[in-house]
Each structure stands twice: as structure tokens, then as C-alpha cells.
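Asker: sequence below, structure please.
(one chain, ligands or ions: 1)
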Amino acid sequence: MADKTIYRASTTAPVNIAVVKYWGKRDAQLNLPTNSSLSVTLSQSDLRTHTTASCSASYPEGDSLLLNGEPSDVTGHRTQSCFRELRARRAALEAADPSLPKLSTLPLRLVSENNFPTAAGLASSAAGFAAFVRAIANLYALPDSPAQLSLIARQGSGSACRSLFGGYVAWRMGSRPDGSDSLADQVAEASHWPDMRALILVVSAAKKGVASTSGMQRTVATSGLFQRRIDDVVPRHMDAMEEAIRDRDFAAFAEVTMRDSNSFHATCLDTYPPIFYLNDVSRAAIGAVEAVNEAAGRTVAAYTFDAGPNAVVYYLQQDEEMVVGTFSALLGDVTGWKDGVQSYKSPVVL
Ligand code: 2P0
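Answerer: From the prediction side, this is the model:
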């Protein structure tokens, strides 16, 4: 009789918010970026994806994914690349040790839940593919390091490679055509800078207007500013950011974070036709950060925006009252999700 055992493993992965942004692919098939990037993983936040991976000979033919209760397509080349790479690694283990169960040939079933709006510029694909890859790696008992798994997660979604580490994480763009050196590494543990906090302002939970993948392709094809960003701006920002993190220099961290967000959104505006991710509430959040820094007489807060209008504001614990107070005045004293989600304030300990 065939073995009907169900093999199962679960994991969660957090979102990460870039302070030096990834925007542009040099190889869409392998998902290789035009620039390195650096992010902060929000490990302690409730912005996470929980994923269970299972496999069994009793499952019907074919792999499946249930995302937030809805069947989701797994035939896309990115998802297929992740399945293929993970299966190949498991098959190698099985070949080396014939006593292992042959999981690599069984249908896979993934069940994944986000506890935040999907595709609202809150890095859902980052947490999603990081959890996807780690759940299957756990199921297959792969010995691969987080850096090795980041090579696989990158092929699912670029930013996902950074969510396999906590703390401050760089995604090195690499130079090899096969992508084997385009992977994530940890610049510093979260505990290196224990006072760092993030405030997430959900301006809108609606799906973003221009998806990242097509948006960045259009930028690469049409923006003149983009070339300057990848040749000059990002390399300087990467160096300055690593130095700011190493020295726990908040003023420097904040300046690079805000400049890089501005540079990324300027590049979006320079795309033809232009891409707008910021709205009036986003601009009010920028104004509020400028006002609180001005009032304090030093830099206490830094804003950053991804491919959507939601703001993430970084600050240090000792300035929490000042920073969170400013945003309460701007957005009202709302904690948690509200009907229709107008705003969400949740100081996040990293
Ligand atoms: C980032 N973003 O570094 C930048 C900042 C958005 C703005 O990574 O095509 O969803 O799946 O590799 O990772 C969003 O892009 O793009 C992103 P794909 P992804 O976080």
C-alpha cells in the first residue's frame, strides 16, 4: 500500500522596509537587480506571513497554494523557479541518503496567510516569498543557510531575499550572469541598535496602482534619472548607510533614508508615462517629519515610502512621545486597523 503520510512544516516571515531601495532589474528571468539595496526587517511586528507547507502521496497531482483562503496561481515562472530549486536540493539529499523519504517527487500544498493588506505597498511579496521558501526548506529539512535560501527567495520576489534575515540586511546585486552572487547578507543584528523603532502609517490599504515589477521595467526603459541613480546615488547611499548603521548615527541614517526615498520617487516621476505612488497624505507625513525635526532642533524622525502611499517613519525610542504625538495630531488617535483602514499606528520594536 502506498504511503499516505502527510509531511508538514510551518514558518512565519516578517516584512522588511528598505532604506536604500531596490528598483530595476537587469535580468527579469532570474530576477537580478540593477542596484544593491538595504532594509530593516520588522521582526517583532505583526506584519507577517504565516505559511504551512505539506506534501503527501495522498494529494492530487500538482502543487497548490491557498493565499488568504483563496486558491492562487502557482504556474508563474517565479513560483515555479522556487519549487524547482527547492526540489532539486531535496533530491540531492535523497540521492545521498536513500533512507530519507522521497519527498521531492510528491505534490506540495502551501497554505499562506498575511495579517496585513496584500499588495498595498507593505512588502507583502517580501514576507510571502520568504515564508514560502523557508516553509518548504523546513519541510525538506534542507541544511542551506539563510544566505543560500535568499538566492531562491530572490527568484520569487526580489525584496523577499532580505526577509530571511532579521535586523539590517543588504541585498548585494552581484555581477555574475547566473545570479549566484545576488544574495542577501546581514549588516547588523537588530540588537546592535536596540532603540530603533518604526511607525507604520497605512494611508491606504488599496492595491497599488502600478505593480512593482511592471513599474520598474518601465523606469529602466524610459527614465534618464534612473541611470544616475544606479551609477552614482545608490552606491553612495549603500556606503553611507552601512557606516551610519555601524556607528549608530541616527542623523546620518535618517538623511540617507529620506534622500533615497526621495530619489526613488523622483525616478518614478521621471518614468514615462510617470508613476505616482505618493498622495496628499504621504506629502503631509513628509511635512510632519520635517516639522518634528525642526521643532526638536535635531533629526528625530525619518520617512520612507515604497511602491504605495503608506509611510514608514523610523525614530529612536527616546523620541517616541514626540514622534508618535506628531502623527497622532496628523492622523487622529487611531490604533489598529479601522474600518476601510484609514490609518494604522503601531510603534514597532525591531
Ligand atoms: C524595496 N520595492 O527595496 C523596493 C522599494 C518597492 C520600492 O522591492 O518584481 O515586489 O517581485 O522583484 O520585490 C518591490 O519590489 O519586486 C520592492 P519583484 P518587489 O523594497
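
Asker: for this protein, which residues are neighbours of the ligand?
Answerer: Contact residues, the chain versus the ligand (CB under 6 Å from any ligand atom): 18, 21-23, 31, 37, 125, 157-159, 212-213, 306-307. Backbone N, C-alpha and C define where each C-beta goes, glycine included.

Asker: among the residues you listed, which are in helices?
Answerer: Taking DSSP state H, the ones among the residues of the chain next to the ligand that sit in helices are 125, 212, 213.

Asker: now render those as a markdown table, adding pLDDT.
Answerer: Formatted as a markdown table, these follow (pLDDT from 0 to 100):
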| residue | pLDDT |
| --- | --- |
| 125 | 85 |
| 212 | 90 |
| 213 | 91 |
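
Asker: where does the chain have low pLDDT?
Answerer: Within the chain, the segments meeting pLDDT under 70 span 1-2, 116-124, 204-208, 330-350.

Asker: just give the nearest non-adjacent residue to the residue nearest to the spatial centre of the chain, would you?
Answerer: In the chain, the centroid-proximal residue (CA atoms, centre = their mean) is residue 126; its distance is 3.6 Å. Excluding its sequence neighbours, the residue lying closest to residue 126 (CB to CB, 6 or more residues apart in numbering) is residue 159, at 4.0 Å.

Asker: and that neighbour, how many residues sit next to it?
Answerer: Residue 159: 30 surrounding residues under other CB atoms under 10 Å.

Asker: which residues does it contact?
Answerer: By CB atoms under 8 Å, 6 or more residues apart in numbering, the residues touching residue 159 are 16, 18, 22, 37, 39, 123, 125, 126, 171.

Asker: who's the second one bridged to?
Answerer: Residue 18 has these beta-bridge partners by DSSP bridges: residue 39.

Asker: that one contacts residue 37, correct?
Answerer: Yes: judged on CB atoms under 8 Å, residue 18 makes contact with residue 37 at a distance of 5.3 Å.

Asker: the more surrounded of those two?
Answerer: residue 37 (27 against 24).

Asker: which residues are in contact with residue 273?
Answerer: So residue 273 contacts residue 218 (CB under 8 Å, 6+ apart).

Asker: name the element it belongs to?
Answerer: Here residue 273 sits in a region with no helix or strand, counting by DSSP states H and E.

Asker: how much space separates it from the ligand?
Answerer: Distance, residue 273 to the ligand, by CB to the nearest ligand atom, to the nearest Å: 18 Å.

Asker: may I have the phi/psi pair for that residue?
Answerer: Backbone torsions for residue 273, taken as degrees, to the nearest 10, come to phi -60, psi 150.

Asker: got the contact list for residue 91?
Answerer: residue 104.
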